[in-house]
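**Student:** next one to model:
(2 chains)
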There are 2 protein chains.
Amino acid sequence: MAIDSGHGHGSGATALIGVDWGSTHLRVHAFDARGGVIATRQSARGMATLSGAEDFAAALDELLSVDLDDGNAPILLAGMVGARSGWQEAPYASLPADAAVLAAALQPLRFKHRRAAIVPGVSGPSDGFDDVMRGEETQALGVPPGTRRVVAPGTHSKWLRLEAGAVVGFSTYPTGELYSLLLERSLLGRGLPAGAWSERGFLNGLDTARERPDWLHQLFGVRARNVRNAAPVEELPAFLSGLLVGYECLGANTASAPQIEVAIVGGAQLAATYALALRRFGIAHYIIEGDTAFCHGLWRVAQAAGYV
Amino acid sequence: MAIDSGHGHGSGATALIGVDWGSTHLRVHAFDARGGVIATRQSARGMATLSGAEDFAAALDELLSVDLDDGNAPILLAGMVGARSGWQEAPYASLPADAAVLAAALQPLRFKHRRAAIVPGVSGPSDGFDDVMRGEETQALGVPPGTRRVVAPGTHSKWLRLEAGAVVGFSTYPTGELYSLLLERSLLGRGLPAGAWSERGFLNGLDTARERPDWLHQLFGVRARNVRNAAPVEELPAFLSGLLVGYECLGANTASAPQIEVAIVGGAQLAATYALALRRFGIAHYIIEGDTAFCHGLWRVAQAAGYV
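**Tutor:** Residues are numbered from 1 along each chain as shown, chains lettered A, B, ... in the order given. Predicted coordinates:
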C-alpha cells in the first residue's frame, strides 16, 4: 500500500475516504476499491484548533473539495475527532478490540448526507487504572499479522499488546509532553539549546535510566550537570530525552510485560529514536511507517463494517 | 530560639544580621549576642525578581533601614543570593560540609562598608552526578545534634545525610516544580481544580507510588481517571501530589539509603504533607520549623567565622 501525496485524479475510483484526525493534524486519504491509497491531503486543522461541529465539517470539506472523490464515497474517521471535545463523542470500545469490534461500535456522523462514522477509541484496564486511546487502536490493526507488541511513540506514547489481530491491552506514557514541559518551561531546561540533538547525550540518558531507578532525582541531574558544567550544554536536551524514553521503554518491558519483538509505528525520525533506545536495551524491534499502518488498519475496519 | 516578627527595638543589642535569600523570598533576621532572634522582616524581593548588585543592595537596605540594627552588625547571607545570577557568585563548598568548612569559604561582599559575606552553597557527588544546593546546607546545620537524615521539601526538595554535625551527602528531587508544571501546564492537569486538597487523593497517590514503579505510565493515570470519571476530580490534584511525593520519599529511602529517622525541615503545611507520606511508608520522622533551623544553622556558621 503506497501513500501518494501528489495530485491524484482518482475521484471516480475512490471507494473510501479515510480521515486521520489528531490533536494537531488532519490527514485525509482516498482509497481505491482494493484498499490502495490513491491520494492524501492534509492540513494543520487538528482537533485542538477547532470548536463545534460546523468547524470540523468545514475543515474536512476544505480538503475533500479538491478532487479526492465524487462526493459519494463513505467516510471513516479516527483519532481525537471522536473525543468529548472533538466533532462528536464516540464512546470508548472495550478490550479485546479487533476490526469487527470497532466496526460494530462505529459512531454515525452527519456530514452532507454522506455515509460517515467515527471509529471509537478504546478504554481498558492497565496498571491500576483504565487507560484510554484514540487513533492508535486503528494503527495497531494495520501492522503485519503475527505482531504481538506495538509502540506508537509521541506526545502520549502508547504500548499495545496484540493477540490474533486484536488489541488486548495497552499503556500510555506521556513522554513527549513531559519532555517539552521540562525543556521549555522548567528550571531544569533553563539555558539549554532547545533544538540541539546529540546521540551521545541520548545514549547517556538511556544508560542512566537503566542504571538508576531513582527517576525524580535523575531528572534534576539535567540541571546539576548544566550548573556544574559537567556535560556539554548541547548534549543535555538529548540526555533528558534519553532519560525519559529510557524510563518509558524499560517500564513497558519489564518481567510482567516480557521482552517480545516490538513494532515501532510512527514517523521516521521518532521511530529511529525509539529504535536506538530499544537496540540499546537489547529489545528486538522493527519499524512500520505510521501513516501506512493507519491506512491499513482503517481499511480493515471499513471492510468489517461493510463500508467497502 | 524564638522568631519574633513584630516590631522589636533591639538595634543596640543586635550582634548579627542573618539573611535568608531564596528565589522568591527575602527574610532578614536580627540576632542578639546569644544567638536569639530579636526581630525578623521580610519582603517578596527574591533573587528571581532582582538583577545586578545595585538591585540586591537596595532590596536588603530597604529591610535594614527600618530599625533592625545600628548599622554596624556584621551580615551573613545564605541561599540563592550566592548563585551565578544572584548578588555575587559564591563558589560551591565541597562535602563533608560543617560550620567550619562553610565559615572558611565565606564569600566577602561589599555593602556599605559593613562586614558582610555570603555562605557558599555545597556541591557533591550524588547518584551519578554532582548535585548542588544553596541554603539547605545552612538549615541542615541548625537541626538538633544527632540528626542523621534531613529532608527540606519544596520546589526542589533536598534529602541530606549528616554525620557528626557535617553534611556528608545529599540529593535533589524537583518534586514541587514538576507538580506545578503538570497541574498548570500539561494535558494531565487540564480540567483539574488547582486549589483542591484531598487527603484521600493524596494517600491513594502514595499507595500507587509504592505499588507501581512504572512512574511515567502512572502519571498518565491522572488524566485517564479524569477522562473516565474514575475518581472525583477534586481528589486528582492531591492524587498527583501523592504520586510525586511518594516516588520522592521512596526513592530517597531505598536499601542503599536505609530508613533512618528523618527530620522534616520546612513550613508547617508542607512539613505536615511530608509527615503524612513518611508515616504512610513507616519511616520515623519529626518536624523542625524551617526558619528556626535556618537561623540556628546560620548562627553556627557566624560563630565558626568569628563574626559573633
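**Student:** what does the closest residue to chain B within the stretch 1-150 of chain A show for phi and psi?
**Tutor:** Residue nearest to chain B within the stretch 1-150 of chain A (CB to the nearest CB): residue A:129, separated by 4.4 Å. Placement of C-beta: from N, CA and C, glycine included. Dihedral pair for residue A:129: phi -160, psi 170, per degrees, to the nearest 10.
**Student:** quick one: contacts for the nearest residue to it once chain neighbours are set aside?
**Tutor:** Leaving aside its chain neighbours, residue A:129 sits nearest to residue B:221 (4.4 Å; criterion: CB to CB, 6 or more residues apart in numbering or on different chains). Listed by CB atoms under 8 Å, 6 or more residues apart in numbering or on different chains, the contact partners of residue B:221 are A:126, A:128, A:129, A:131, B:208.
**Student:** which of those residues lies closest to residue A:117?
**Tutor:** Closest to residue A:117 out of the contacts of residue B:221 is residue A:131 (23.7 Å), distances taken as CB to CB.
**Student:** adjacent strands (with direction) for the helix or strand harbouring that closest one?
**Tutor:** If you go by DSSP states H and E, residue A:131 is part of strand A:130-133. Paired with strand A:130-133 in the same sheet, following DSSP bridges, are strand A:122-125 (antiparallel).
**Student:** what comes up buried for the strand it pairs with?
**Tutor:** A:122, A:123, A:124 (16 or more other CB atoms under 10 Å in any protein chain shown).
**Student:** hey, where'd the strands end up in chain A?
**Tutor:** For chain A, applying DSSP state E gives strands covering A:16-21, A:26-31, A:37-43, A:75-79, A:107-108, A:116-118, A:122-125, A:130-133, A:149-152, A:157-163, A:166-173, A:262-266, A:285-289.
**Student:** got these as JSON lines, with distance to residue A:279 and mean pLDDT columns?
**Tutor:** As requested, the strands of chain A are exported to JSON lines (distance: least, CB to CB, whole Å; pLDDT from 0 to 100):
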{"stretch": "strand A:16-21", "distance to residue A:279": "28", "mean pLDDT": "97"}
{"stretch": "strand A:26-31", "distance to residue A:279": "29", "mean pLDDT": "97"}
{"stretch": "strand A:37-43", "distance to residue A:279": "30", "mean pLDDT": "95"}
{"stretch": "strand A:75-79", "distance to residue A:279": "30", "mean pLDDT": "98"}
{"stretch": "strand A:107-108", "distance to residue A:279": "40", "mean pLDDT": "98"}
{"stretch": "strand A:116-118", "distance to residue A:279": "37", "mean pLDDT": "98"}
{"stretch": "strand A:122-125", "distance to residue A:279": "29", "mean pLDDT": "98"}
{"stretch": "strand A:130-133", "distance to residue A:279": "26", "mean pLDDT": "98"}
{"stretch": "strand A:149-152", "distance to residue A:279": "14", "mean pLDDT": "97"}
{"stretch": "strand A:157-163", "distance to residue A:279": "17", "mean pLDDT": "97"}
{"stretch": "strand A:166-173", "distance to residue A:279": "19", "mean pLDDT": "97"}
{"stretch": "strand A:262-266", "distance to residue A:279": "11", "mean pLDDT": "97"}
{"stretch": "strand A:285-289", "distance to residue A:279": "7", "mean pLDDT": "97"}
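**Student:** okay, helices next: where are they in chain A?
**Tutor:** Using DSSP state H, the helices of chain A run over A:53-64, A:99-104, A:136-140, A:175-185, A:199-211, A:215-227, A:236-252, A:268-280, A:290-304.
**Student:** most packed of the ones you listed?
**Tutor:** Most buried of the helices of chain A, by mean neighbour count (mean count of other CB atoms under 10 Å in any protein chain shown): helix A:136-140, with a mean of 30.
**Student:** that helix: how far from the chain's middle?
**Tutor:** 8 Å (CA atoms, centre = their mean, to the nearest Å).
**Student:** that helix and chain B in contact?
**Tutor:** No. Using CB under 8 Å from any CB of the partner chain, helix A:136-140 stays clear of chain B, coming no nearer than 13.2 Å.
**Student:** who are the packing partners of that helix?
**Tutor:** Applying 3 or more CB pairs under 8 Å, 6 or more residues apart in numbering or on different chains; DSSP states H and E, we find helix A:136-140 packed against strand A:75-79, strand A:149-152, strand A:157-163, strand A:166-173, strand A:262-266, helix A:290-304.
**Student:** chain B: which of these is closest?
**Tutor:** Closest to chain B of the helices and strands packed on helix A:136-140, according to CB to the nearest CB: strand A:166-173, at 4.3 Å.
**Student:** about what we covered before: including mean pLDDT and distance to residue B:39, could the helices of chain A go into CSV?
**Tutor:** Shown next, in CSV, are those (pLDDT from 0 to 100; distance: least, CB to CB, whole Å):
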stretch, mean pLDDT, distance to residue B:39
helix A:53-64, 95, 61
helix A:99-104, 98, 70
helix A:136-140, 98, 61
helix A:175-185, 97, 38
helix A:199-211, 98, 47
helix A:215-227, 97, 34
helix A:236-252, 97, 44
helix A:268-280, 97, 57
helix A:290-304, 98, 65
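**Student:** just send those helices back as JSON lines, with distance to residue B:92 too.
**Tutor:** Below are the helices of chain A laid out as JSON lines (distance: least, CB to CB, whole Å):
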{"stretch": "helix A:53-64", "distance to residue B:92": "55"}
{"stretch": "helix A:99-104", "distance to residue B:92": "58"}
{"stretch": "helix A:136-140", "distance to residue B:92": "46"}
{"stretch": "helix A:175-185", "distance to residue B:92": "24"}
{"stretch": "helix A:199-211", "distance to residue B:92": "22"}
{"stretch": "helix A:215-227", "distance to residue B:92": "9"}
{"stretch": "helix A:236-252", "distance to residue B:92": "19"}
{"stretch": "helix A:268-280", "distance to residue B:92": "33"}
{"stretch": "helix A:290-304", "distance to residue B:92": "46"}
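**Student:** among those helices, which is nearest residue B:182?
**Tutor:** Closest approach to residue B:182 among those (CB to CB): helix A:175-185, 7.4 Å.
**Student:** ignoring the adjacent residues along the chain, who's closest to residue A:49?
**Tutor:** Leaving out its chain neighbours, the residue that sits closest to residue A:49 by CB to CB, 6+ apart is residue A:24, at 7.8 Å.
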